[in-house]
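J.: model the structure of this input:
(one chain, ligands or ions: 2)
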Amino acid sequence: MAILVVGGAGYIGSHTVRELEKAGQQVWVFDNLSQGHAEAARGDRLIRGDLLDRAALDDALRGRDIDAVMHFAAFASVPESVADPAKYYRNNVVGTLNLLDAMLAAGVTRIVFSSTAAVYGVPDVVPISEESPTRPINPYGFTKLAIERALADYAHAYGLGYAVLRYFNACGASSDATIGEDHTPETHLIPIILQVALGQRESLSIFGTNYPTPDGTCIRDYIHVEDLADAHVRALAKIEPGRGLTYNVGTGVGASVRGVLDAALQITGRPIPAVEFPRRPGDPPALVASSDALQRDLGWSPRYPKIADVIASAWKWHSTHPNGYRSR
Ligand SMILES: NC(=O)c1ccc[n+]([C@@H]2O[C@H](COP(=O)([O-])OP(=O)(O)OC[C@H]3O[C@@H](n4cnc5c(N)ncnc54)[C@H](O)[C@@H]3O)[C@@H](O)[C@H]2O)c1
Ligand SMILES: O=c1ccn([C@@H]2O[C@H](COP(=O)(O)OP(=O)(O)O[C@H]3O[C@H](CO)[C@@H](O)[C@H](O)[C@H]3O)[C@@H](O)[C@H]2O)c(=O)[nH]1
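T.: Ligands and ions are numbered 1, 2, ... in the order given. Modelled structure (predicted):
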């Protein structure tokens, strides 16, 4: 198959490109490099373009016999979406509708879409199954839920086939540590903790210590980026025209902010000072996935179920690339 990976120069997209190539697929990357890195994408297969530019999308999809799209391109920071929702609705919703329309015009009928645990808001029950109510508590989550709805309607009306993957917290790096996480500015917990361990930041700010969790800090389900990539390859193979699949992707095990910090202290053997701060707007107390459906239907299981292994993988990348892709 020929697959257009939109946002394929970014963190999760670039790892999925590798997994697709391992599976023998022909891959093209479409990315505006606003967050992504040319070094993370296959140079000769990188098409520089923007989701908001319909002509660029038409060009990318036509003439390459594209069979399917994997769509990673979005803005993805919860606090930023609270501060600047317009930026999120424009890129994540308008941009994606542009892509769907370009796909229909080019006769491309299969898409895997990066959704998020943020569609659940504050869940009634943890672990969260796909049937849990979707009630986002931040604009980022609403942008992803809006596209989930559009995909269902496009499937019904136009015969689009899709898989929605609701990722929990992506982390880690490729097993050979040649590609990994490099966001500017970095907002994610694990890279920030490792930057403190490397002496690049003075301390970790712990956002909220009075949540209704055992140690008072937020709990998240940290899913390794290669496990996410594997889920994409499996989901793509199951897509059928006019039908939609929706799966959570997580380990089923939660780790608190303090728990992640303790594991990082052990793995790095370095001092990691931490300072307590008030809660960050838009953060639910606990998000942990039930991925039973993904395991049952697609035969998927996480290769990195333990937080210590995830942090060790991230540490291998960050300690060998202290300045991300600029370290080369
Ligand atoms: N990182 C996580 O923990 C996480 C969790 C759940 C869902 N997601 C979703 O997964 C996807 C990928 O996340 P990531 O962490 O790899 O992010 P990322 O920022 O590393 O990758 C996104 C890529 O999309 C590109 N992009 C953004 N807007 C674009 C546009 N208008 N036109 C063309 N390219 C554009 C960026 O340059 C970047 O390369 C996102 O959709 C995100 O919402 C991420
Ligand atoms: O310096 C920091 C950074 C984060 N946190 C906390 O650590 C947890 C994880 O935060 P972060 O790594 O920023 O991820 P989330 O806000 O949980 O969001 C990620 O995970 C979501 C799915 O759960 C995705 O949708 C988002 O795109 C992705 O950024 C949260 O409780 C934060 O409050 C801190 O205490 N200090």
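J.: distance between the helix of greatest length in the chain and the chain's centre?
T.: Secondary structure of the chain per DSSP state H: the longest helix is helix 139-158. Computed by C-alpha atoms, centre = their mean, to the nearest Å, the chain-centroid distance of helix 139-158 equals 17 Å.
J.: show me what the helix or strand just after that helix packs onto, helices and strands only.
T.: Per DSSP states H and E, the first helix or strand lying C-terminal to helix 139-158 is strand 161-167. On a contact count with 3 or more C-beta pairs under 8 Å, 6 or more residues apart in numbering; DSSP states H and E, strand 161-167 meets strand 110-116, helix 139-158, helix 225-238, strand 244-249. Glycine gets a C-beta too; all of them are placed from N, C-alpha and C.
J.: endpoints of stretch 27-37, how far apart?
T.: Across its full length, stretch 27-37 reaches 16 Å between end residues, using C-alpha to C-alpha, to the nearest Å.
J.: the stretch 1-150 of the chain: helices as residue ranges?
T.: Under the criterion DSSP state H, counting those that start in this stretch, the stretch 1-150 of the chain contains helices at 11-22, 54-61, 78-83, 85-88, 95-106, 139-158.
J.: which residues touch stretch 187-202?
T.: Residues from elsewhere that reach stretch 187-202, judged by C-beta atoms under 8 Å, 6 or more residues apart in numbering: 77, 79-80, 169, 171, 181, 183, 186, 203-204, 220, 222, 257, 260-261, 264, 268, 270-273, 310-311, 314-315, 318-319, 322.
J.: what's the angle between the longest helix of the chain and helix 95-106?
T.: For helix 139-158 against helix 95-106, the angle by axes from the mean of the first three to the mean of the last three C-alpha atoms, to 10 degrees is 20 degrees.
J.: by contact count, what packs against helix 139-158?
T.: If contacts are counted by 3+ C-beta pairs under 8 Å, 6+ apart, helix 139-158 sits against helix 78-83, helix 85-88, helix 95-106, strand 110-116, strand 161-167, strand 244-249.
J.: list the buried ones in that helix?
T.: Of all the residues in helix 139-158, those buried under the rule 16 or more other C-beta atoms under 10 Å are 139-148, 150-151, 154-155.
J.: what do you get for stretch 209-217?
T.: Buried residues in stretch 209-217, counted by 16+ other C-beta under 10 Å: 209, 211, 213, 216, 217.
J.: phi, psi of the first one?
T.: Put plainly, it is residue 209. With angles defined as degrees, to the nearest 10, residue 209 sits at phi -130, psi 10.
J.: quick check, the helix-or-strand element of the chain with minimal mean pLDDT touching ligand 1?
T.: Ranking every helix and strand in the chain by mean pLDDT, DSSP states H and E puts helix 78-83 at the bottom, with a mean of 92. No. Counting by C-beta under 6 Å from any ligand atom, ligand 1 is not contacted by helix 78-83; separation bottoms out at 9.7 Å.
J.: thinking again about what came up before, need the contact partners of the longest helix of the chain.
T.: 74-78, 80-82, 85, 88-89, 92-93, 96-97, 100, 104, 111, 113-116, 118-121, 134, 136, 160-162, 164, 242-244, 246, 282.
J.: near ligand 2, which residues of the stretch 201-328 of the chain show up?
T.: Going by C-beta under 6 Å from any ligand atom, the residues of the stretch 201-328 of the chain near ligand 2 are 204, 205, 206, 207, 218, 220, 257, 280, 283, 287.
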